[in-house]
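J.: Structural data only, the sequence is not supplied:
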């Protein structure tokens, strides 16, 4: 099968969507399918990429680490004419996502959309962020789902949210999954020596993009309270982003800067070693649809402490493989850390075993087979299309309908957000 992946974020960008696209792409290629990825240009992107089409983009949009594509009519046509995709898989409802709709329509092939992100949690990157903008983001994503032939969600709780918001398109929940074997073995002592972390310290950790939507100030304050009570403990943060300064400030305020280790952005075995250097993994984001780093941490046999949220509650089981917290308070979070810290070695090892077992159930190979089955069924149900069987007028009308659907989606999303604000919702 020829699969066209279209995404606004891709390597070397660090984030759940980029990892998901990369992992599924590699797995499909190993299965013998051809996959072409369409993505924006990024600083320090790999050179001589095979079957990756890069679109010119504005770098570091509005202070973020995202790239925003610059639309160029006809830019993709010469690549796609030789590739001849069987299916388009879109990973965003805007920018490259709009192009994905047009390509699917022009070539009369199915469009699958993965709802990776609660987009209303990211409107602070857009000038003029407001409650109205959040409502607009919700409606825009809902409309895009209803344009697609099939929607994929990383978790059942996100599927439920989309249904409640009015999505009528068929939905299938398929986690991204992880390569469990890639995370199951790491150099704990070597990593600690490299960053001068005491070997016997109880090390809480966090890994990910350091951005406001990840609720990192709350996490830093929670971990700080735990560290104040436990002398031989530290906090390791892996990643980079705009929240890095605020994390450092929170620890410096209490004279605990020497108990905070900022490792920066890591990848490959260095990233795996970072997980294994930790004793527990902490996570406070409520904007996720899945939280892939949680599954990665569990593959390294780490108990996880996290706030209850869609996509998280399917993975973290309170008291089994970690702690799932419904009380969003610094005191509750730090107490949960103390609870795990105080476990007997037997109980702590049992929690680690259950963490690994959870990760194993999310192994990428299982998720890839489910997505390929979905592709096969969607292509079969979509039917064969022969361009010679329709006249010019019908083809032109189809394209006008696509453009109208895209424009109408934006207009209806805007109208809905204004209407709800006016009604005081």
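T.: Structure received. Just so you know, these numbers come straight off a predicted model, no measurement behind them.
J.: Let me see the contact set for residue 214.
T.: 208, 243, 284-285, 287 (Cβ atoms under 8 Å, 6 or more residues apart in numbering). All C-beta spots, glycine's among them, are computed from the backbone N, C-alpha and C.
J.: Residue 15 versus that one, what's the distance?
T.: Distance from residue 214 to residue 15, counting by Cβ to Cβ, to the nearest Å: 11 Å.
J.: Residue 47 too?
T.: Where residue 15 is concerned, residue 47 sits at a distance of 21 Å (Cβ to Cβ).
J.: Tell me which of these two has more neighbours.
T.: Between residue 47 and residue 15, counted using other Cβ atoms under 10 Å, the more crowded position is residue 15 (19 against 5).
J.: these two touch, right, that one and residue 209?
T.: Yes - shown here, residue 15 and residue 209 form a contact pair, counting by Cβ atoms under 8 Å, at 5.5 Å.
J.: where along the stretch 1-150 of the chain do the strands fall?
T.: 2-6, 34-40, 52-55, 57-58, 68-69, 87-90, 111-114, 150-153 (DSSP state E, counting those that start in this stretch).
J.: Report the buried residues of the second one.
T.: Neighbour-count burial for strand 34-40, with 16 or more other Cβ atoms under 10 Å as criterion, is recorded at 35-40.
J.: Include distance to residue 84 when you put those into JSON lines, please.
T.: Converted to JSON lines, the buried residues of strand 34-40 look like this (distance: Cβ to Cβ, whole Å):
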{"residue": "35", "distance to residue 84": "13"}
{"residue": "36", "distance to residue 84": "10"}
{"residue": "37", "distance to residue 84": "16"}
{"residue": "38", "distance to residue 84": "15"}
{"residue": "39", "distance to residue 84": "20"}
{"residue": "40", "distance to residue 84": "23"}
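J.: With respect to residue 169, which of these is nearest?
T.: residue 38 (21.9 Å; Cβ to Cβ).
J.: Quick check: beta-bridge partners of that closest one?
T.: Using DSSP bridges, the bridge partners assigned to residue 38 are residue 6, residue 53.
J.: surely it meets residue 3?
T.: No - using Cβ under 8 Å, residue 38 makes no contact with residue 3, being 11.3 Å away.
J.: mind checking how far stretch 285-297 is from the chain centre?
T.: How far stretch 285-297 lies from its chain's middle: 8 Å, per Cα atoms, centre = their mean, to the nearest Å.
J.: what mean pLDDT would you report for it?
T.: For stretch 285-297, mean pLDDT rounds to 85.
J.: quick one on the thing from earlier: just send the contacts of residue 214 back as a markdown table, with secondary structure, neighbour count and distance to residue 80 too.
T.: Listed next are the contacts of residue 214 as a markdown table, based on DSSP: H, G, I helix; E, B strand; the rest coil; neighbours: other Cβ atoms under 10 Å; distance: Cβ to Cβ, whole Å:
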| residue | secondary structure | neighbour count | distance to residue 80 |
| --- | --- | --- | --- |
| 208 | coil | 23 | 34 |
| 243 | coil | 21 | 39 |
| 284 | coil | 22 | 42 |
| 285 | coil | 24 | 36 |
| 287 | coil | 19 | 33 |
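J.: ok, of the residues you listed, which one's closest to residue 101?
T.: residue 287 (25.0 Å).
J.: quick one: contacts for the residue nearest to residue 304 when sequence neighbours are not counted?
T.: Excluding its sequence neighbours, the residue lying closest to residue 304 (Cβ to Cβ, 6 or more residues apart in numbering) is residue 322, at 3.8 Å. For residue 322, the contact set (Cβ under 8 Å, 6+ apart) comprises 280-281, 303-306, 316, 340, 351, 355.
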